[in-house]
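Engineer: Structure for this input, please:
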Amino acid sequence: MYELTKAIEGRLGNIEWCDKRLTFPLRQRHSVDYVKNNVVLIGDAAHSIHPLAGQGVNLGFLDAAVLARELHHGIEVGRELADPSVLGRYQRKRKGHNLGMMWLMEGFKHLFAEQALPIRWLRNIGMSGVDNISVVKNNLARRAMGLDW
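Structural biologist: Prediction:
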């Protein structure tokens, strides 16, 4: 820990170990219902995803944005905030997208864990191809950031 304290020039004081390092399993989970009995789940309360590509926070932001949009629309047409048709639209719009992203991240996790040379070779060619075709790359980036929802 001396090296860390030295590297940050002591700005945080003397850093020392206080306990052994702990780990926890990374699990992917998804709620069956995002809406039930006037309770709405968004973000990690509705779904958790492997942090492989940092998509968890993006999914949560999109959940919040869609819920806000649906609540605003419901108010505009004279519905109560807890109206099942208003909250149901949020669930329908987000659930499929979230499940798709979870499926994709699970696939990436397995793809990048694979050590067989032919799979690694195909994976690397595919990733290079996506990286070199700007239309495909930009489209995938926009979808991952939730800009095309």
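Engineer: Every contact and neighbour count from this point should use C-alpha atoms.
Structural biologist: Noted.
Engineer: Now for Gln28: which residues touch it?
Structural biologist: 47-50, 102 (CA atoms under 8 Å, 6 or more residues apart in numbering).
Engineer: got a list of what the residue nearest to Glu106 when sequence neighbours are not counted touches?
Structural biologist: Distances taken as CA to CA, 6 or more residues apart in numbering put His50 closest to Glu106, at 7.4 Å, once the chain neighbours are dropped. Counting by CA under 8 Å, 6+ apart, His50 touches 26-28, 56, 102, 105-106.
Engineer: before we move on, what about Gly74?
Structural biologist: Taking CA under 8 Å, 6+ apart as the definition of contact, the neighbours of Gly74 are 80-81, 86.
Engineer: My understanding was that Ala64 contacts Leu41; is that so?
Structural biologist: No: counting by CA atoms under 8 Å, Ala64 stays clear of Leu41, with 9.6 Å between them.
Engineer: re the thing from before, mind checking which of the contacts of His50 are buried?
Structural biologist: 56, 102, 105 (16 or more other CA atoms under 10 Å).
Engineer: Dump the residues you listed into TSV; add secondary structure and distance to Ala68 as well.
Structural biologist: As requested, the buried ones among the contacts of His50 are exported to TSV (DSSP: H, G, I helix; E, B strand; the rest coil; distance: CA to CA, whole Å):
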residue	secondary structure	distance to Ala68
Gly56	helix	19
Met102	helix	23
Met105	helix	26
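Engineer: Identify the residue spatially nearest to the residue most central in space within the chain, adjacent ones excluded.
Structural biologist: A centroid search over the chain (CA atoms, centre = their mean) returns Gly56, at 2.1 Å, as the residue closest to the centre. In this structure, Gly56 finds its nearest non-sequential neighbour in Ile49, 5.8 Å apart by CA to CA, 6+ apart.
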